[in-house]
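[1] below are the sequence and a predicted model; questions follow.
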Number of protein chains: 2
Amino acid sequence: MSSVNTRRLNASNINPHVREAKYAVRGELAVKSEEYRAKIAKGDTADLPFSQVISANIGNPQQLDQKPITFFRQVLSLLENPKLLEHEDVLLQSLDYKPDVIERARWLLSKTGSVGAYSASNGVPAIRQSIADFLERRDGFPADQADIYLSGGASAGVNTLLHVICANEKTGILVPIPQYPLYTASLSVLNATCVPYFLDESKNWGTDLEAIKKSCADAKARGVDVRAIVIINPGNPTGASLSESDIRDMIEFAREERLVLMADEVYQTNVFVGEFVSFKKVLRTLQKENPDGKYDSLELASLHSISKGMVGECGHRGGYFELVGFEPAVQAEIYKFVSITLCAPVIGQCLVELMVNPPKEGEPSYALYRQEYDGIFNGLKQRAYALWRAFEKMEGVECGEPQGSMYLFPTIKLSAKAAEAAAADGRTADEFYSLRLLEATGVCVVPGDGFGQKEGTLHFRTTFLAPGTEWVGSIIKFHEEFMDKYR
Amino acid sequence: MSSVNTRRLNASNINPHVREAKYAVRGELAVKSEEYRAKIAKGDTADLPFSQVISANIGNPQQLDQKPITFFRQVLSLLENPKLLEHEDVLLQSLDYKPDVIERARWLLSKTGSVGAYSASNGVPAIRQSIADFLERRDGFPADQADIYLSGGASAGVNTLLHVICANEKTGILVPIPQYPLYTASLSVLNATCVPYFLDESKNWGTDLEAIKKSCADAKARGVDVRAIVIINPGNPTGASLSESDIRDMIEFAREERLVLMADEVYQTNVFVGEFVSFKKVLRTLQKENPDGKYDSLELASLHSISKGMVGECGHRGGYFELVGFEPAVQAEIYKFVSITLCAPVIGQCLVELMVNPPKEGEPSYALYRQEYDGIFNGLKQRAYALWRAFEKMEGVECGEPQGSMYLFPTIKLSAKAAEAAAADGRTADEFYSLRLLEATGVCVVPGDGFGQKEGTLHFRTTFLAPGTEWVGSIIKFHEEFMDKYR
């Protein structure tokens, strides 16, 4: 037998760090749910106990029924086909375009040249300035466009930051558990060390400073060079918003330990309880309160995205990060790194601009914008509460009141018999439960295992984006039957 | 002195592999050219000997004067604002939209749901099928949509493939020199080994099989695990198209050495001399001619993009790669890897679909599409020849006849005095020359050093995208003065 018919690459000789990465949000269950969806699309439903797939595994609002915001999409249509601007009268009189739509499109075109041209590697300068203006309005502190980097979604920003921060396998990054698995997957690919810190479920998934300190100290004792701490605020999958006082504690801890703060703030407008306070605002406040310069050399990177919030434009892959306190030489390396893949999608950059600078009161598009924005916000809140109330009634399920983001992350307590059945199936109990849920109802959730959880606890993450209540009813029914079967 | 005012990250403790990566296309000269552009935009031109910046450093057609193709952009405008489809009569009667534009937009919307929704990680299934159909028409051999992966430009595809292929620092990838620096930069970041092979300038930058074999053998003798070979066809920066016989030789070599073939075919329609033949077509032909299965286990990844060709939609970040002969287990790892960053921009995916499936003869949008496409092609060819003729007249400059892609890559012979001046400035001679050219004319090119070149030779790469002849005249004038100064 010669080597002629042997492929060069196989699962055991490719990059081991890619192989080790886990990303359950789009893992086996998601793939299976897409197979069901394809079957249903072909009308092949005879052997399925459900007639639609509900992709509650991923925060993808426009895949469900969320409509895009009219102002945003009208502007984008003009950016894609600038020839429409030669027909202003038709746009205004026959197509419901308002003068501020036309004005914004003309302005963005003047600044991008064409959305088909590469922009500067860090993004269109005028869009960076618009983001800086937004940050100043939001936080009450100035922002510099030179510190802002447009990215293809926040994911690309996280990828860039971790690439630069992680020097070798000893580099440790503190990551909350449960977390959005982008962080652990990226650290696996980079062969750096994830230093997990547990959020406190008993305090509605708030931060537990003592637990963080202990994780950090333990890692350092093992020789890990802990360099940065990731904070997801509001939380994913938990929805928890940190208070200003929590944030102060985290900053103080980062200062003591000389950690770069990575604040993933993509859910900053998805807040039902409490109020979003940015890390930048608190850091600048602390710097102002401490003229001795105690906080001046802290490094903060904060990330935002057009995929979440009321924008929900995931498919456009837009986002940005702002750097505070980074050395110019490090910023130059970040600039070079993003240059290698040229630039973020320019139409996505324009959507970022529209997100941070939406129609203002008194402008022609404002009324509709407000109505659509509030409609989406209230719809999400209602769905969150409806789902939460359903969980409240389910045996062995506990879930904190909805706080924000797009998710609920209930605890489930399953019987020993269910655990045995899962083990016999070669799965964790929450994976087993989630798989049976998908098979019975077409509802796709992500087992808690995919985000990390304290040993001995079980959870699943579900979005509350899907409209209607039928799918919630089907979860309740499945759960009863599952509990009875494994009682 | 406490550590309080010391930042955690500095140029010497960040990821050394990021630090080592070089990407001259957007390096110092490009940054300087953008500073000039900003000055000019402010009207601050008093101390500049030129009134415009010509970015000939990067293949960015729509930054210069290339207009997007109308059919593409009309469809995209409807995808961005589907409400326009409620006004078909207005579109048709007042806005120059044709029925096939509307039909395509409806079809793409039915397949994507919304361009604001994440697609499947590997891309919208119907778009993958459309690409497979295109490949079958192009090559005369079937293609399977399951083997196609949409990406954010070809760059993201290269990043994915190299991430999976490169297992550790011993992994070697054969890369042509000169090359597009994405390859060397990505291999630096991944800490894998670049195994350069020189193209033969005396044969108009064709491949030199003996040189490739020697590079490969030498690397293996040094303990490098040579796993793949990159071929850029048509070449960047050289424009050279490989003949079918060259491609057969490369495939045979890859078979003998068990190398994965990475065929970067993004310039497949930018061909003035010869004919583009795809690696896939030649591989399938060889497989058909050899029923003994000799070529059956070869692995080929071929890449394409919307950024180049007559499409020139760089800012939309669209592309794809097709895998041939990869193990299913390896494909599963590739799927997981692309899942971590969710999906390629969906509007860019739609543009890929439009590129591979443009209006056909007899369809309403065909005439204009043909006219625009041919106009761009002929314009590029004319500009290439005008620039080439200018180079022909310049002392110490040699340049092969234009063959394709978007670039010329002339050799320059500079005097010992110029080399000394460059050394005194701490620069390579081609870098020194290119910098003086930029300062004198506003024309930004990339020194040959940024692509790699044989020791002792000097080159620069310039696009031929800029309209007009004035900038060409300014290069001629600068060159004469430079030669005189350092004679």
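    Okay, I see it.
[2] would you map the strands across chain A?
    Remark: strands assigned in chain A by DSSP state E are A:54-55, A:148-151, A:171-177, A:193-198, A:225-232, A:260-264, A:300-305, A:319-324, A:397-398, A:407-408, A:411-412, A:443-444, A:446-447, A:460-463.
[3] next, format the ones you listed as a markdown table and append mean pLDDT, distance to chain B and mean neighbour count.
    Just so you know, the C-beta spots here come from the backbone N, C-alpha and C atoms, and that holds for glycine as well. As requested, the strands of chain A are arranged in a markdown table below (pLDDT from 0 to 100; distance: least, Cβ to the nearest Cβ, whole Å; neighbours: other Cβ atoms under 10 Å in any protein chain shown):
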| stretch | mean pLDDT | distance to chain B | mean neighbour count |
| --- | --- | --- | --- |
| strand A:54-55 | 90 | 9 | 24 |
| strand A:148-151 | 98 | 10 | 27 |
| strand A:171-177 | 95 | 8 | 24 |
| strand A:193-198 | 94 | 14 | 20 |
| strand A:225-232 | 96 | 6 | 24 |
| strand A:260-264 | 97 | 5 | 26 |
| strand A:300-305 | 98 | 10 | 26 |
| strand A:319-324 | 98 | 10 | 24 |
| strand A:397-398 | 92 | 28 | 16 |
| strand A:407-408 | 91 | 15 | 28 |
| strand A:411-412 | 93 | 25 | 22 |
| strand A:443-444 | 93 | 13 | 24 |
| strand A:446-447 | 91 | 13 | 28 |
| strand A:460-463 | 91 | 12 | 26 |
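[4] distance to B:Leu64 for those - can I get that in TSV?
    Shown next, in TSV, are those (distance: least, Cβ to Cβ, whole Å):
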stretch	distance to B:Leu64
strand A:54-55	42
strand A:148-151	22
strand A:171-177	42
strand A:193-198	45
strand A:225-232	41
strand A:260-264	38
strand A:300-305	32
strand A:319-324	27
strand A:397-398	60
strand A:407-408	46
strand A:411-412	59
strand A:443-444	47
strand A:446-447	46
strand A:460-463	44
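[5] the ones you listed: which one's closest to A:Thr469?
    Judged by Cβ to Cβ, the one of the strands of chain A that comes nearest to A:Thr469 is strand A:54-55, at 11.7 Å.
[6] select, out of the strands of chain A, the one closest to A:Glu470.
    Of all the strands of chain A, it is strand A:54-55 that lies closest to A:Glu470, at 9.2 Å by Cβ to Cβ.
[7] hmm, back to that, so which of the strands of chain A gets nearest A:Lys213?
    Closest to A:Lys213 of the strands of chain A, according to Cβ to Cβ: strand A:193-198, at 8.9 Å.
[8] measure stretch A:107-116 end to end?
    16 Å (Cα to Cα, to the nearest Å).
[9] from the chain's centre, how far out does that stretch sit?
    Chain-centre distance of stretch A:107-116: 28 Å, with Cα atoms, centre = their mean, to the nearest Å.
[10] that one - what's its average pLDDT?
    Averaging pLDDT along stretch A:107-116 yields 95.
[11] what sits up against that stretch?
    A:75, A:78-80, A:82, A:85, A:119, A:124-127, A:346-347, A:349-350, A:353, B:62-63, B:68, B:312-316 (Cβ atoms under 8 Å, 6 or more residues apart in numbering or on different chains).
[12] by contact count, what packs against the lowest-mean-pLDDT helix or strand in chain A?
    When the helices and strands of chain A are scored by mean pLDDT, DSSP states H and E, helix A:28-41 comes last with a mean of 88. In terms of contacts (3 or more Cβ pairs under 8 Å, 6 or more residues apart in numbering or on different chains; DSSP states H and E), helix A:28-41 is packed against helix A:429-441, strand A:443-444.
[13] try 6 Å
    Applying 3 or more Cβ pairs under 6 Å, 6 or more residues apart in numbering or on different chains; DSSP states H and E, we find helix A:28-41 packed against helix A:429-441.
[14] dump the helix it packs on to PDB, restricted to CA.
    Extracted C-alpha coordinates of helix A:429-441, given in PDB (Å, rounded to 0.1, in the frame of the first residue of the first chain):
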ATOM      1  CA  ALA A 429     -26.800  15.800  31.000                       C
ATOM      2  CA  ASP A 430     -27.600  19.300  29.700                       C
ATOM      3  CA  GLU A 431     -26.500  18.300  26.200                       C
ATOM      4  CA  PHE A 432     -28.700  15.200  26.400                       C
ATOM      5  CA  TYR A 433     -31.700  17.300  27.600                       C
ATOM      6  CA  SER A 434     -31.100  19.900  24.900                       C
ATOM      7  CA  LEU A 435     -30.800  17.300  22.200                       C
ATOM      8  CA  ARG A 436     -34.100  15.600  23.300                       C
ATOM      9  CA  LEU A 437     -35.700  19.100  23.400                       C
ATOM     10  CA  LEU A 438     -34.700  19.700  19.800                       C
ATOM     11  CA  GLU A 439     -35.900  16.300  18.600                       C
ATOM     12  CA  ALA A 440     -39.200  16.700  20.300                       C
ATOM     13  CA  THR A 441     -40.000  20.400  19.600                       C
END
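[15] which parts of that helix are buried?
    A:429-438, A:440-441 (16 or more other Cβ atoms under 10 Å in any protein chain shown).
[16] can I get these in TSV including distance to chain B and pLDDT?
    TSV is the format used below for the buried residues of helix A:429-441 (distance: Cβ to the nearest Cβ, whole Å; pLDDT from 0 to 100):
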residue	distance to chain B	pLDDT
A:Ala429	23	92
A:Asp430	20	92
A:Glu431	16	92
A:Phe432	21	94
A:Tyr433	22	94
A:Ser434	17	94
A:Leu435	18	94
A:Arg436	23	94
A:Leu437	21	95
A:Leu438	17	95
A:Ala440	24	94
A:Thr441	21	94
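[17] ok, back up a step: give me the PyMOL select line for the contacts of stretch A:107-116, limited to the buried ones.
    Selecting only the buried entries of those in PyMOL, with 16+ other Cβ under 10 Å as the criterion:
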select buried, (chain A and resi 75+78+79+80+82+119+124+125+126+127+346+347+349+350+353) or (chain B and resi 62+63+68+312+313+314+315+316)
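[18] confidence score at A:Glu275?
    Listed pLDDT for A:Glu275 reads 88.
[19] look up how far chain B lies from it.
    Distance of A:Glu275 to chain B, computed by Cβ to the nearest Cβ, to the nearest Å: 27 Å.
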